[in-house]
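K.L.:
just need the structure, nothing else, for what follows:
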Amino acid sequence: MKTVTLYTDGACSGNPGPGGWAAILTYGDYEKEFSGGEADTTNNRMELTAVIEGLRRLKEPCRVEHYSDSKYVIDALEQGWAKGWKRRGWVKSDKKPALNPDLWEALLNLCEIHDVRLHWVKGHADNPYNNRCDALAVAEWKKIKE
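P.N.:
Coordinates of the predicted model:
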C-alpha cells in the first residue's frame, strides 16, 4: 500500500458565508494542489470538503498521513464521534442533530477505503503546507466574494 501525505484546510468569510477549501497531496516527488469554493457555506463544511476532495483524488487504496488544523475533523474521527453520530442516525450524544451528515457520510466511506492516520497541526504557524492550504482556501472565497 502506498503512503501519501494529505494536507487540508478550509476557510470562510463569515460563518456562514463564502468559503473555500484546499488540499495538497504528496507522494515522493509528486505534489498536487486542489481547491474550490462555495458561495454560502460554513468553515466546518469547507474543512470536511477539503479532506473528502483530497481522498477522492486517490486512484487506489492508500495509507494517508493526513494533516489538518481542524479539531472538528480530527477529533470527530479520532475520538469516534462521527461513527457514533452515524450509528445513532446522525444524532449526537446530547440528542441534538449532528451537523453536516452528508459530508461525514462521504468522509467515513472514504476512510473505509484508505488507512487514514490523523495529525493535528497548529493553524497559521510554521507548517508550510498548512499555510499554503490556508492561502489557497482564502483565495477561493475571495474569488466568490468579488
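K.L.:
who are the packing partners of the helix or strand hosting L136?
P.N.:
L136 is part of helix 128-145 when elements are defined by DSSP states H and E. Applying 3 or more CB pairs under 8 Å, 6 or more residues apart in numbering; DSSP states H and E, one finds that helix 128-145 contacts strand 3-12, strand 17-27, strand 30-41, helix 43-56, strand 63-68. For glycine as for every other residue, the C-beta is placed from the backbone atoms N, C-alpha and C.
K.L.:
switch those over to TSV; also include mean neighbour count, distance to K95 and mean pLDDT.
P.N.:
As requested, the helices and strands packed on helix 128-145 are exported to TSV (neighbours: other CB atoms under 10 Å; distance: least, CB to CB, whole Å; pLDDT from 0 to 100):
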stretch	mean neighbour count	distance to K95	mean pLDDT
strand 3-12	24	27	97
strand 17-27	23	28	97
strand 30-41	16	26	96
helix 43-56	23	20	98
strand 63-68	20	28	98
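K.L.:
and of the ones you listed, who's closest to K86?
P.N.:
K86 lies closest to helix 43-56 among the helices and strands packed on helix 128-145, at 13.8 Å (CB to CB).
K.L.:
tell me which other helices or strands the closest one touches.
P.N.:
Partner elements for helix 43-56 (3+ CB pairs under 8 Å, 6+ apart): strand 3-12, strand 17-27, strand 30-41, strand 63-68, helix 71-78, helix 101-113, helix 128-145.
K.L.:
nearest to W120, of those?
P.N.:
Short answer: helix 71-78, nearest of the helices and strands packed on helix 43-56 by CB to CB, at 4.7 Å.
K.L.:
one step back: wait, which of the helices and strands packed on helix 128-145 is closest to R87?
P.N.:
Using CB to CB, the nearest of the helices and strands packed on helix 128-145 to R87 is helix 43-56, at 18.6 Å.
K.L.:
keeping just the C-alphas, turn the helix holding L136 into PDB.
P.N.:
Output of helix 128-145 as PDB, limited to C-alpha atoms (Å, rounded to 0.1, in the frame of the first residue of the first chain):
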ATOM      1  CA  PRO A 128       4.400  25.500   5.100                       C
ATOM      2  CA  TYR A 129       1.900  23.000   3.600                       C
ATOM      3  CA  ASN A 130      -0.800  24.100   6.100                       C
ATOM      4  CA  ASN A 131      -0.100  27.700   5.300                       C
ATOM      5  CA  ARG A 132      -0.300  27.000   1.600                       C
ATOM      6  CA  CYS A 133      -3.600  25.300   2.000                       C
ATOM      7  CA  ASP A 134      -4.900  28.200   4.000                       C
ATOM      8  CA  ALA A 135      -3.800  30.700   1.300                       C
ATOM      9  CA  LEU A 136      -5.500  28.600  -1.400                       C
ATOM     10  CA  ALA A 137      -8.700  28.300   0.600                       C
ATOM     11  CA  VAL A 138      -8.800  32.000   1.300                       C
ATOM     12  CA  ALA A 139      -8.100  32.800  -2.400                       C
ATOM     13  CA  GLU A 140     -11.200  30.600  -3.300                       C
ATOM     14  CA  TRP A 141     -13.600  32.500  -1.000                       C
ATOM     15  CA  LYS A 142     -12.200  35.800  -2.200                       C
ATOM     16  CA  LYS A 143     -12.900  34.900  -5.800                       C
ATOM     17  CA  ILE A 144     -16.600  34.200  -4.800                       C
ATOM     18  CA  LYS A 145     -16.900  37.400  -2.800                       C
END
